Every structure is written in C-alpha cells, then in structure tokens.
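Peer 1: just a sequence and a predicted model for now, questions to come.
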Amino acid sequence: MKAPKTVFVCQECGSQSPKWLGRCADCGAWNSLVEERPQVEVAGGAAGPHRYALTGANGAAQLYADIAIENYARLTTGIDEFDRVLGGGVVPGSLILLGGEPGIGKSTLLLQAAANMARTIGPVLYSSGEESEHQIKSRGERLNVGKAPLYLLAETCLERILEEIARIKPALVIVDSVQTVFSLKFQSAPGSIGQVREAATQLLFTAKGHNIPTFLVGHITKDGSLAGPKALEHVVDTVLYFEGERHHSHRVVRAVKNRFGAASELGVFEMTSTGLRPVPNPSKMFLAERPTNAPGSAVLCSVEGSRPILVEVQALVSSSTYGNARRMASGIDQQRLTLLLAVLEKRAGLNLIGDDVFVNIAGGMTVDEPASDLAVLAAIASSVRNRVIPPTTAMFGEVGLAGEVRGISQAPLRIREAAQMGFRRCIMPAANIDPADRGQLAGECELVGVRTVGEALDALLNA
C-alpha cells in the first residue's frame, strides 16, 4: 500500500517543501517547517457542493445596478468603548479577530460582551479550548453575568463546535482561541498553519451562511503580531489588538482592520475587580497625574482613529557616565527618537552627543503618528535647558529633517479637545492655521503657528 503523501509547511509564511529543511527558503525562518498531510480529495467529483463553497452563493454574475443593498442594524455589545472600536456595533455575519498578550483581559472583555448580548439579542455560544466551563463560570460570577442565556462549551474539535452552532442556533459565537481548535480532516497539531486556516475558513462560512457574528481570539507572538498565518488577518472582517501594560490599570483596544468601520479606531478601558470599565474621557485619565512645574514635560494632542486624546510626553536628559550615550524610548518608536535628536542637534544647536536621553509616554500609551514629533522635541529641550513649559500649553506637529514643522491632518479636532480640557495655548504648524476660522475653532485657546523647530522652542520656552 502506498504511503500517504506528506508535505512540510512553514508556520511563518505558509510555503511548502517536499522535505524537511532547517531554514525556510522563502522567509528565512529557522525550524519553522512542520510535517502535514494534505486532505485527500474524492476522485471523479463527488456530488454536492464543495466544502469550501460559499453558502447561498449563486454561480451567475449579477449586474451592479440590480444588486439590492441590505442594511443590517448593528448589534450593540453593551460596552460603549467596544462599540466605538467596532464602528458602532457588531455587524451580523461578521468575523472579528481579537488578539493580545496572555492575561491582558481578552476573555474578560468578550465574556462581558457575551453576557450583555445574551440578555438583549438572544442565546450566545462561548467555546473555549483553554478553560473548562467551571473556570469560565467562576470568572462570570465576578463579572455578574447572572442568568443570561449564555452557553459554555469546552471544546477544541472544530466539527464538534460547528455541530453545537447548528443545534443551538446562537445569535453570537465566541471561539477562545483559534490556535487551540483542530479539524479531524488534518493530522497536524492544533495551532499549525493548516489547522488555523481550516478553522478560520469554516467559521467564516458558518458566520456568513447563517448570519451569525463570530469573535475569534488570537494569540500574540513575542514581537507583538498575531500568531499563525498572516492569511488569518485577510480572512476575517475586523482585526482588533488588545494593548496595555501589565502594571497599568488601563487597557486599549485598537482596530487595525475594519471592513465595516474606520481603521485605527481606539477604545480605552480600565481594569477593575468587577471587569473592564469603559473610560469615556481618556484625556482626563492620562493627564490626571501630570506634574505642574517639572521640566521635561509636554502635552501632545494626538488622534487615534476619530478620537482626539491628550497625552503627556516626558523626557529626561542627563550626563552619560559610561562614555556611550544611551537613547531609550517607551511609547514611541526608538528609530524616530534617534532621528529627532539629530534634528535637534543640527537645527536647534543643542549638544546631546554625550548625554543619555530617555523619553516616555506617561500612562503606558503608545503613539506612532508623526504629529508627536514637536512634543517629543519640546520635552527634550525643556529637560536640557531646565525650563518649564507652561502647564496650559499643548502642541502637535510633524518635524522634517530640515527642521521645518509640517502640517498634519485633523488639526481642528485636536484644537477642540485641547480647549475643552482647559488649555489656553496651542503650538501648532503654521500651515494648519486658517485665518478664516481661527476664532471659531480656537475659542479661548490661543493658536501659535510655527514654521521651524527654532520658532517652536522660542514660543514654548521663552513664553
């Protein structure tokens, strides 16, 4: 009898090889090839639809003008910040992937949302491959789930999960996590690229075919990306990242892909003894413990998605005692900090070659937009010159290599947030100031337009 054919699949990029290799020839990853046996197809063409065929799909092409738009009402999760990230609620039939580090609160957030939706829209199926029903219920008692029609299933077999979905006909399905699910059609271990792709594909067809919104929980690798094949992010409709420092009480849910809403949307939560509590005003939370008369502190008007958030940028510059100056950044890109320090030395005349520079976004927030450049430079210059930036001054702007301050997007949104939080002065790019609506946008906040780094530091430190 002929032995079944096997292939070796890279768990990083998905490339296949007829024999095992120590290093993948496509992506260069070491020890990433795992033996898998492909599914044997029935010869001669079996009757009935293919297992990868979309449910309810017809084979004939339709004219664009003849297609009717079906507007489905979004389903609320009962958590305002979660609904904001999803674009206003859960779209029926959508497949949503939520990733995050272990212990950050993914299961807690989804259990809260499942309980709320079970009370309002109907039964919910929560399938977990990492916890038993008793462990989930012990957490649910702390979250006050009560007697909501919430079904718990401790199962890792994909076919068994699909059978329970067909039996219960839930209004929402949660699978925690997709890396623990395996299909009987493959002999590879759970979490392999074949198993993850099969589980995600079958759950996608079930969600679309029966119009059931489905949440998938994904593991995070050590570099911060979702584990498993990159194709997993292409299969789902929405990709959410659960971020936050283990030693801080707040958590952030960020949308990096959303077919039914704005990407880069942000939701802020606070971890309490009774679960995750939404934070309606993140700016107030991040600035609650800001020092008033301390050099090296600057307030940045940032925008995450459609939400303006004020955060504190802290910098500390001290003389190096080891000969080699250190540059450390927390909350911003390390390479961006090195670039900004070079601009500060060349264009502003500050000598930092022998000093240690430490920059931190207070509260554990992560900011990756170019509009943070001006606040980072202002905080560093304030620490070097030992001068305090006025506490009622906020700022934003992108800095180029020539020392120019470039205009950015959504400037009116940032100005309104600064004015509402009580700031009376805003240092911003001159290109973003329109004389026609200056008074309408600013209110009681004075707008100071700057074109170079030198002008910005003079307006900040010599006020």
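Peer 2: Now that the structure is in, tell me what you want to look at. Residues are numbered from 1 along each chain as shown.

Peer 1: what does stretch 15-29 rub up against?
Peer 2: The contact list for stretch 15-29, computed with Cβ atoms under 8 Å, 6 or more residues apart in numbering, reads 7-13, 30-33, 35. Using the backbone N, CA and C atoms, a C-beta is placed for each residue, glycine as well.

Peer 1: now the end-to-end length of stretch 142-152.
Peer 2: 16 Å (Cα to Cα, to the nearest Å).

Peer 1: find the least confident helix or strand in this protein, judged by mean pLDDT.
Peer 2: helix 438-442 (a mean of 50; mean pLDDT, DSSP states H and E).

Peer 1: so residue 216 sits in a helix?
Peer 2: No: counting by DSSP: H, G, I helix; E, B strand; the rest coil, residue 216 is not part of a helix but strand.

Peer 1: how near is residue 88 to residue 199?
Peer 2: Per Cβ to Cβ, to the nearest Å, residue 88 is found 28 Å from residue 199.

Peer 1: what is the mean pLDDT for stretch 339-357?
Peer 2: The average pLDDT within stretch 339-357 is 92.

Peer 1: next structured bit after the least confident helix or strand of the chain?
Peer 2: strand 446-450 (DSSP states H and E).

Peer 1: that following strand: which residues count as buried?
Peer 2: 447-450 (16 or more other Cβ atoms under 10 Å).

Peer 1: what strands line up against it, and which way round?
Peer 2: Paired with strand 446-450 in the same sheet, following DSSP bridges, are strand 425-429 (parallel).

Peer 1: quick one: contacts of the partner strand?
Peer 2: Contact with strand 425-429 is made by 301, 374, 378, 390, 392-398, 405-408, 411, 414-415, 418, 442, 445-451, 456, 459-460, 463, as judged by Cβ under 8 Å, 6+ apart.

Peer 1: ok, which stretches of the stretch 251-400 of the chain are strands?
Peer 2: 266-272, 275-278, 297-304, 307-319, 327-330, 355-361, 393-395, 398-399 (DSSP state E, counting those that start in this stretch).

Peer 1: picking that back up, of the contacts of stretch 15-29, which one scores lowest on pLDDT?
Peer 2: Among those, residue 12 has the weakest pLDDT, 74.

Peer 1: burial check on the nearest residue to that one once chain neighbours are set aside, number of neighbours?
Peer 2: Using Cβ to Cβ, 6 or more residues apart in numbering and skipping the chain neighbours, the partner closest in space to residue 12 is residue 29 (4.2 Å). The local packing of residue 29 (other Cβ atoms under 10 Å) involves 14 other residues.

Peer 1: follow-up on the earlier one: so which of the strands of the stretch 251-400 of the chain is nearest residue 108?
Peer 2: strand 275-278 (5.7 Å; Cβ to Cβ).

Peer 1: run through the stretch 201-350 of the chain and note the low-pLDDT ranges.
Peer 2: Residue ranges of the stretch 201-350 of the chain with pLDDT under 70: 222-231.

Peer 1: what residue spans form the domains of this protein?
Peer 2: By the record's domain assignment, the chain is partitioned as 1-38, 75-280, 285-461 (automatic domain parsing).

Peer 1: residues touching the residue nearest to residue 407 when sequence neighbours are not counted, list them.
Peer 2: Using Cβ to Cβ, 6+ apart and skipping the chain neighbours, the partner closest in space to residue 407 is residue 431 (3.3 Å). By Cβ under 8 Å, 6+ apart, residue 431 lies in contact with 406-407, 449.

Peer 1: do the same with residue 303
Peer 2: If a contact means Cβ under 8 Å, 6+ apart, then residue 303 has 309, 369, 371, 409-410, 413-414 as its contacts.
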